[in-house]
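Visitor: predicted model, plus sequence, below.
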Amino acid sequence: MTATMERQAPCGVQDLTPRRVALRLLGPLEIMVDSVEVLLPQRKLRQLLATLLVRPNGTVSNEALIRELWGDRPPATALAALRVYVSQLRKFLIRHDLDGRWCTLRTRAPGYQLQVNDGILDTVCFDRLCALAADSERAGHHELALNQYREALALRRGPTLEGLRDSSALSGTALQYDEACMTALKRRIDLDLRLGRHLELVGELSRLVAENPLSEGLCARLMVALHRSGRSGDALGSYRRTRELLIEELGIEPGLELRMAHQTVLADDTVFHLSDRLSA
């Protein structure tokens, strides 16, 4: 599966059937039909669709939807307005031949449900691929796990629900998947390190640490990659810079993960696997 989600099969299962529809939350909200984005310009409708999609196939109450659309002080006409927005969203889905074929918007007491066909919602695909990768890794199939994590991470186009993160449920989901993507990235990097690809990782990790200067996990992995590449001095320099930032910005010393990487460099341990040490 690629980032454009152009296959019909459930995530992680090979199938060459063309895909026509993809619903995307791992980045700005996108609705793709035949590889072309279908625009839903009204913000309230985008919020409504996103709120239903973060609970795929589940019923979202009128109260929860009103809170997401209007916050803690909804207008007196909020319920009537919500019904209008639901009607408009249903018409949009029907107009683009989505309703009833790829997803179905239903009235379900005490609110509404958006049933989504298997394999078209990127968050569901991401979760499934990460679960498959974890299973593969536990079984010792490291190359397969690596490819499954890569496939999952390819679904991400930017911050989750970018532009729609100002309501409680959407903000919570966005933070959840941003963190899940970072975790998947670290696990993919650990597998690359385990497979001896430290030289190839130095450039990527240097960029990631520059973009996330307070991330101890990324710095720890950069230190391991540098050390295995014969650049122990650079590894210690990276540790020093990150430690200084942590003290200056947060008032804390490095945590276990970064301290372990530091000790690894000082001990000249070249077979160290960070994920093994942390799970021991």
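Guide: It's in. Residues are numbered from 1 along each chain as shown.

Visitor: now the helices for the protein?
Guide: Under the criterion DSSP state H, the chain contains helices at 43-53, 62-70, 78-95, 122-138, 142-153, 168-194, 198-211, 216-228, 232-245, 256-266, 274-279.

Visitor: can I get those helices in JSON lines with mean pLDDT?
Guide: JSON lines is the format used below for the helices of the chain (pLDDT from 0 to 100):
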{"stretch": "helix 43-53", "mean pLDDT": "96"}
{"stretch": "helix 62-70", "mean pLDDT": "95"}
{"stretch": "helix 78-95", "mean pLDDT": "96"}
{"stretch": "helix 122-138", "mean pLDDT": "97"}
{"stretch": "helix 142-153", "mean pLDDT": "98"}
{"stretch": "helix 168-194", "mean pLDDT": "96"}
{"stretch": "helix 198-211", "mean pLDDT": "97"}
{"stretch": "helix 216-228", "mean pLDDT": "97"}
{"stretch": "helix 232-245", "mean pLDDT": "97"}
{"stretch": "helix 256-266", "mean pLDDT": "95"}
{"stretch": "helix 274-279", "mean pLDDT": "55"}
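
Visitor: tell me which of the ones you listed sits most buried.
Guide: Most buried of those by mean neighbour count (mean count of other Cβ atoms under 10 Å) is helix 216-228; its value is a mean of 26. Yep, even glycine has a C-beta here, placed from its N, CA and C like the rest.

Visitor: quick one: contacts of that one?
Guide: 182, 186, 189-190, 193, 198-199, 201-202, 205-206, 208-209, 212, 232, 234-236, 238-239, 242, 246, 254-255, 257-258, 260-262, 264-265, 270, 272, 274 (Cβ atoms under 8 Å, 6 or more residues apart in numbering).

Visitor: just stretch 71-91 next, same as before
Guide: So stretch 71-91 is in contact with 42, 44-45, 48-49, 62, 65-67, 69-70, 99, 105, 107, 112, 167, going by Cβ under 8 Å, 6+ apart.

Visitor: same thing but at 6 Å, please
Guide: Lys44, Leu45, Leu48, Leu65, Ile66, Trp70, Leu105, Tyr112 (Cβ atoms under 6 Å, 6 or more residues apart in numbering).

Visitor: got a list of what the fourth one touches?
Guide: Read it as Leu65. Taking Cβ under 6 Å, 6+ apart as the test, what Leu65 contacts is Leu82, Gly111.

Visitor: go on, the fifth one?
Guide: Residues touching Ile66, when contacts are defined by Cβ under 6 Å, 6+ apart, comprise Pro74, Ala78, Leu82.

Visitor: adding distance to Met32, write these out as JSON lines.
Guide: Listed next are the contacts of Ile66 as JSON lines, based on distance: Cβ to Cβ, whole Å:
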{"residue": "Pro74", "distance to Met32": "32"}
{"residue": "Ala78", "distance to Met32": "31"}
{"residue": "Leu82", "distance to Met32": "26"}
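
Visitor: list just the nearest of the residues you listed to Leu153.
Guide: Leu153 has its nearest neighbour among the contacts of Ile66 in Leu82, at 35.6 Å by Cβ to Cβ.
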